[in-house]
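Enquirer: mind folding the following:
(chains A, B, C and D)
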Protein chains: 2
Amino acid sequence: MSKNIPEKVSNRLTLYHSILAEYMEAGIESISSPQIAQRLGIDDSQVRKDFKLLNNAGKCRVGYHVKELKDSIEKTLGFATVKDAFIVGAGHLGLALAKYDNFNSYGLNILALFDNDPHKIDIQVNNKQIFHISKLPNLAQRLNVEIAILTVPRQFAQQVADYIIQSSQIKYIWNFTPAVLKVPSHIKVWNENLIASFVQFACKDFE
Amino acid sequence: MSKNIPEKVSNRLTLYHSILAEYMEAGIESISSPQIAQRLGIDDSQVRKDFKLLNNAGKCRVGYHVKELKDSIEKTLGFATVKDAFIVGAGHLGLALAKYDNFNSYGLNILALFDNDPHKIDIQVNNKQIFHISKLPNLAQRLNVEIAILTVPRQFAQQVADYIIQSSQIKYIWNFTPAVLKVPSHIKVWNENLIASFVQFACKDFE
DNA sequence: TTTAAATCGTGATTTTTTTCTTTATTTGTT
DNA sequence: AACAAATAAAGAAAAAAATCACGATTTAAA
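Expert: Below is the predicted model of the structure:
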């Protein structure tokens, strides 16, 4: 399963995965830890330690087998387990995510979008329909969806979160709004904090 | 300055900041470390340690002064220092970011967008104009812009990065594409890896 | 005034993460 | 066949981060 992988490691694993996908496309069969390390600006023993977590052995003087490693990462991170989700908020960000086909290859399957703007209802985005938010509880139940991706404007974030929590079986909220949501303890929230991200970027690299 | 703040700490600081902004709006003047800790599901001594880094003293039995703390975080994270940026790629994600007014209060000022689609040229988004990508080098120089926010489709990411690096003075790339960019060492890249983020969410909380 | 509860501050401890060092293996070259 | 170079593996050491624990302080209530 995908347990016991620390956050930092899984973050690096996705970066390795991206590089491996590139090597695959280029038809290269082996890759060494220093190659990867250099590309990401990290220590090569770090890379090997991470691979060891995957129980993936390399070969001295040659490196690791690209395809094996890639498969191994996909298995460890659970890319094969499909998780269905709804996007709540069909603004630009919601639409961008709905069109982001990559999600599918990583196990995230977006089924539909929700909004309260009557003009947006029934529009199709990348084969996914936009419904009125009031349809969410029913649809979540019928389709057994537990993940909501919240992309509404900040000022409505708490209110919408409250609504979907109390009226449906949503258990996981991937929060793209800058609001820090107040939720009961059985609801898991993951904050995709773009501000935090930028600040880290800024703090880390500017002087 | 914003130096010496570890990534994890600055990430938490932005979350504290969000909560503090909420308290300010509600007219509440004090906040305690257990209150914040509970909201974020972390340890309260962690919160106090972070505040100590800001040289911000609290008061026993009362807590911290909301406004002071908020100002202190803003100062530490450099929200007052305006950093100009261009968005490269005027798709949904680029437009979403262009409309994300919050950036401004955190010191990120988006001046314009760039794309190669003739249909998009000269459109105004949130008072920012979309230019043809070929105009970027000249404008970057004239406006002294060093940050590019890359929101083009994955397959063009490297090519566009190469172009802006060799033809302009862009030094920092905030990379929203899933590609791991190959760049010279004087260019700093920050990967906003939504896949990684989702995987962390998924690994952390599902079982 | 005393007591109890809440909270800060901080040093100690533990855990986690990263880096360093050494050894062993493989491959290509002389 | 011997040697050199590249690389993995694994343990040791160091650094960083999180948690624990407890004394000190403040406030409110008894």
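
Enquirer: okay, buried residues for stretch A:152-160 please.
Expert: With burial defined by 16 or more other Cβ atoms under 10 Å in any protein chain shown, the residues of stretch A:152-160 counted as buried are A:152-153, A:156-158, A:160. For the C-beta atoms, the positions are set from N, CA and C on the backbone; glycine is no exception.

Enquirer: what of stretch A:92-107?
Expert: A:92-100, A:103, A:106-107.

Enquirer: tell me which of those residues is nearest to DNA strand C?
Expert: Comparing those against DNA strand C with Cβ to the nearest atom of the strand places A:Tyr106 closest, at 21.3 Å.

Enquirer: which stretches of chain A have low pLDDT?
Expert: Screening chain A residue by residue with the criterion pLDDT under 70, one finds the ranges A:1-3, A:203-207.

Enquirer: most distant residue from the middle of it?
Expert: Note on chain A: the largest C-alpha distance from the chain mean falls to A:Arg61, namely 34.8 Å (Cα atoms, centre = their mean).

Enquirer: that one looks like it's in a helix, true?
Expert: No - the secondary structure assignment for A:Arg61 gives coil rather than a helix, going by DSSP: H, G, I helix; E, B strand; the rest coil.

Enquirer: that one and A:Pro118: what is the separation?
Expert: Using Cβ to Cβ, to the nearest Å, we find A:Arg61 at a distance of 65 Å from A:Pro118.

Enquirer: got it, and A:Tyr23?
Expert: Between A:Tyr23 and A:Pro118 the distance, using Cβ to Cβ, works out to 49 Å.

Enquirer: OK, contacts around the residue lying closest to A:His92 once chain neighbours are set aside?
Expert: Using Cβ to Cβ, 6 or more residues apart in numbering or on different chains and skipping the chain neighbours, the partner closest in space to A:His92 is B:Ala96 (3.5 Å). Applying Cβ atoms under 8 Å, 6 or more residues apart in numbering or on different chains, one finds that B:Ala96 lies in contact with A:91-93, A:95-96.

Enquirer: nearest to B:Ile19, of those residues?
Expert: Distance ranking of the contacts of B:Ala96 against B:Ile19, using Cβ to Cβ, places A:Leu93 first at 22.2 Å.

Enquirer: do a quick rundown of the helices in chain A.
Expert: All helices of chain A, identified by DSSP state H, fall at A:7-25, A:33-40, A:44-53, A:66-76, A:92-98, A:102-105, A:136-143, A:154-167, A:194-205.

Enquirer: need the winner for burial among the ones you listed.
Expert: When those are scored by mean count of other Cβ atoms under 10 Å in any protein chain shown, the highest mean neighbour count falls to helix A:92-98 (a mean of 24).

Enquirer: then it to CSV, C-alphas only?
Expert: Coordinates of each C-alpha in helix A:92-98 appear next as CSV, following Å, rounded to 0.1, in the frame of the first residue of the first chain:
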residue,chain,number,x,y,z
HIS,A,92,-11.1,29.3,-14.0
LEU,A,93,-9.2,27.2,-11.5
GLY,A,94,-11.9,24.5,-11.4
LEU,A,95,-12.0,24.4,-15.2
ALA,A,96,-8.3,24.2,-15.4
LEU,A,97,-8.2,21.2,-13.1
ALA,A,98,-11.1,19.6,-15.0
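
Enquirer: could you tell me the angle between the longest strand seen in chain A and helix B:194-205?
Expert: Taking DSSP state E as the criterion, chain A has its longest strand at strand A:108-115. With axes from the mean of the first three to the mean of the last three Cα atoms, to 10 degrees as the basis, strand A:108-115 and helix B:194-205 are set at 100 degrees to each other.

Enquirer: contacts for strand A:108-115 next, please.
Expert: Residues lying outside strand A:108-115 but in contact with it, judged by Cβ under 8 Å, 6+ apart, are A:82-91, A:94-95, A:97-98, A:103, A:121, A:125, A:128-133, A:135-136, A:139, A:143, A:145, A:147, A:149, B:198, B:202.
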